[in-house]
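S.K.: Below is the sequence, then the predicted model.
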Amino acid sequence: MGMNVGGGGRGGRRKRRPMGDINVTPMVDVMLVLLVIFMVTAPLVTTGVTVDLPKAKAPAMNEQDNKPLYVTVQGDGKLFLNDSPVTLEQLPEKVKAIAGSNPDVRIYVRGDAASQYGVVMQALGALYAGGFTKAALITQPASAKAKK
């Protein structure tokens, strides 16, 4: 009754089956190393070429483009463009007169909390109809209002 402990009379070795799973650990290690290398070198590549620019007394380009226009709607429905009173019909023409041929001028619409929603939307609609698409509403942050 001899029991064969060694696994079947072939010198005590079992036949090895081929491994069915792929070991992904080395691939993950290589990818992590490459990721770290790219993260370190990316800011160095985007810095570009350093240039010592000359100084000139020429006016800055697009100086008018940097200044936004303010349309204010008061609580009683009066409209103001910057500080001058304006009617709803005159609003696009006055903005065109100030902005010139720049339809991308930034326009901030400030509506009083007591003003009617319709008047503020009519002002925005008049600006959009005039071709000015960079108009936005200005609000006050809730934290600043609570401090008063």
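M.R.: Thanks, I have it.

S.K.: Could you use CA atoms for every contact and neighbour count after this?
M.R.: OK.

S.K.: how about the nearest residue to residue 135, chain neighbours excluded?
M.R.: Nearest residue to residue 135, sequence neighbours excluded (Cα to Cα, 6 or more residues apart in numbering): residue 107, at 4.5 Å.

S.K.: which phi and psi does that neighbour have?
M.R.: Phi and psi for residue 107, reported as degrees, to the nearest 10, are phi -130, psi 120.

S.K.: got it, and residue 108?
M.R.: phi -110, psi 120.

S.K.: and the host helix or strand of residue 136, what other elements does it pack with?
M.R.: Assessed by DSSP states H and E, residue 136 sits inside strand 135-138. For strand 135-138, the packing partners by 3 or more Cα pairs under 8 Å, 6 or more residues apart in numbering; DSSP states H and E come out as strand 107-111, helix 117-129.

S.K.: Low-confidence regions, this structure specifically.
M.R.: For the chain, the stretches flagged by pLDDT under 70 are 1-13, 45-53, 58-66, 101, 142-148.

S.K.: Kindly recompute the last result at 90.
M.R.: 1-24, 40-148 (pLDDT under 90).

S.K.: Can you list the residue ranges for strands in it?
M.R.: Here the chain has its strands, by DSSP state E, at 69-73, 79-81, 84-86, 107-111, 135-138.

S.K.: quick one, which of those strands is nearest to residue 18?
M.R.: strand 135-138 (67.3 Å; Cα to Cα).

S.K.: List the buried residues of the closest one.
M.R.: residue 135 (16 or more other Cα atoms under 10 Å).

S.K.: Other residues contacting it?
M.R.: Contacts to strand 135-138, defined as Cα atoms under 8 Å, 6 or more residues apart in numbering, come from residues 106-111, 124, 127-128.

S.K.: could you dump these to CSV with neighbour count and distance to residue 29?
M.R.: Shown next, in CSV, are these (neighbours: other Cα atoms under 10 Å; distance: Cα to Cα, whole Å):
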residue, neighbour count, distance to residue 29
106, 19, 50
107, 23, 53
108, 19, 52
109, 23, 55
110, 19, 56
111, 23, 58
124, 23, 56
127, 23, 57
128, 14, 55
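
S.K.: Distance to residue 24 for the residues you listed - can I get that in a markdown table?
M.R.: Shown next, in a markdown table, are those (distance: Cα to Cα, whole Å):
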| residue | distance to residue 24 |
| --- | --- |
| 106 | 54 |
| 107 | 56 |
| 108 | 56 |
| 109 | 58 |
| 110 | 59 |
| 111 | 61 |
| 124 | 58 |
| 127 | 60 |
| 128 | 57 |
